[in-house]
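Engineer: Provide a 3D model corresponding to the input given below.
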Amino acid sequence: MEDHIMRLVVFGVVSWTTGFLVIRRVLPNKSFEFCNRIVSTIHATLAVILASLCVQDWTSPVSPSASKSSPIQMKTIGVSLSYMIYDLACCLFDKHVKLDNSIHHLVSIVGLAAGLSYQMCGSEMVAALWVTELSSPFLHLRELLKECGYKDSDLNFAADISFAVIFTVARMIGGPYITYVTLSANNPFLIKAMALGLQLVSAFWFYRIARMVKYKLIRRTNTSISTTSKKVS
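Structural biologist: Just a heads-up that it's a prediction; the model follows:
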């Protein structure tokens, strides 16, 4: 990994941590997770913007494959690597450590660090960042709304459905395509393994999200029927 990218990663970890501490100071009545999700939303938005700027040809966004990473691709990957390191630390400090989330972070950190070390696969990795972070703002929004007192509201339901739809399209349609391109190209074994691992984690989360949406829809339908029955009575 080049020295200036290493410095970028260190600076990024310090910056994300500082941002979190500032938000905690500004919002002292909000939970640890609430403040961390604000930082996560900022990163997701920034990651999508930077990844979009890296695309050389939108008719073939995952190209050139297995090629040397460009400077902007390296910086984009470095920014997200610094965030993943910060967020993994936050997950460990939080009271509720989730195994699947920790595995996702470890896979992402190893994959991003490998990409920076090999200085190649920039197109594939930036495309993967775009796909994985596209639904993240809606994921965090639904949790932020709950803590703000909007749980089970129409707004929270809209955030749930938006997250589920974007996640499904991005990770279960775009994700397998990027994984296929990564596995079929002449990429290092570690990069291929991390791409496959990330897709498997996404598939597991898709299963959980599908169950969540089914539960929400059934509960909302039953509530609507109950309310209508009371009005008729």
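Engineer: quick one: contacts of stretch 193-202?
Structural biologist: 100, 103-104, 107-108, 110-111, 114, 124, 128, 132, 171-172, 175-176, 178-179, 182-183 (Cβ atoms under 8 Å, 6 or more residues apart in numbering). C-beta coordinates here come from the backbone N, C-alpha and C atoms, glycine included.
Engineer: Report the buried members of the residues you listed.
Structural biologist: Among those, those buried by neighbour count (16 or more other Cβ atoms under 10 Å) are 104, 107-108, 110-111, 114, 124, 128, 132, 171-172, 175, 178-179, 182.
Engineer: can you tell me which two in these are farthest apart?
Structural biologist: 114 and 172 (24.2 Å; Cβ to Cβ).
Engineer: What is the nearest of the buried ones among the contacts of stretch 193-202 to residue 51?
Structural biologist: residue 128 (8.8 Å).
Engineer: elements contacting the helix or strand where the closest one lies?
Structural biologist: Using DSSP states H and E, residue 128 falls within helix 122-133. Applying 3 or more Cβ pairs under 8 Å, 6 or more residues apart in numbering; DSSP states H and E, we find helix 122-133 packed against helix 32-54, helix 71-93, helix 99-118, helix 175-184, helix 189-232.
Engineer: Please identify the most buried of the ones you listed.
Structural biologist: Among the helices and strands packed on helix 122-133, helix 71-93 has the highest mean neighbour count (mean count of other Cβ atoms under 10 Å), at a mean of 21.
Engineer: Kindly calculate the angle that that one makes with helix 32-54.
Structural biologist: 170 degrees (axes from the mean of the first three to the mean of the last three Cα atoms, to 10 degrees).
Engineer: so for helix 71-93, what's the average pLDDT?
Structural biologist: In this model, helix 71-93 has a mean pLDDT of 92.
Engineer: With stretch 16-28 instead?
Structural biologist: 95.
Engineer: Please shift the residue numbers so they start at 562 in all later answers.
Structural biologist: Will do, 562 is the new start, and the previous item becomes stretch 577-589.
Engineer: who touches it?
Structural biologist: Applying Cβ under 8 Å, 6+ apart, the external contacts of stretch 577-589 come out as 591, 593, 595-597, 599-600, 603-604, 643-644, 647-648, 650-651.
Engineer: residues in contact with the residue sitting nearest the centre point of the chain?
Structural biologist: By Cα atoms, centre = their mean, the chain has its centre lying nearest to residue 694, at 3.8 Å. Residue 694 is in contact with 604-605, 608-609, 612, 641, counting by Cβ under 8 Å, 6+ apart.
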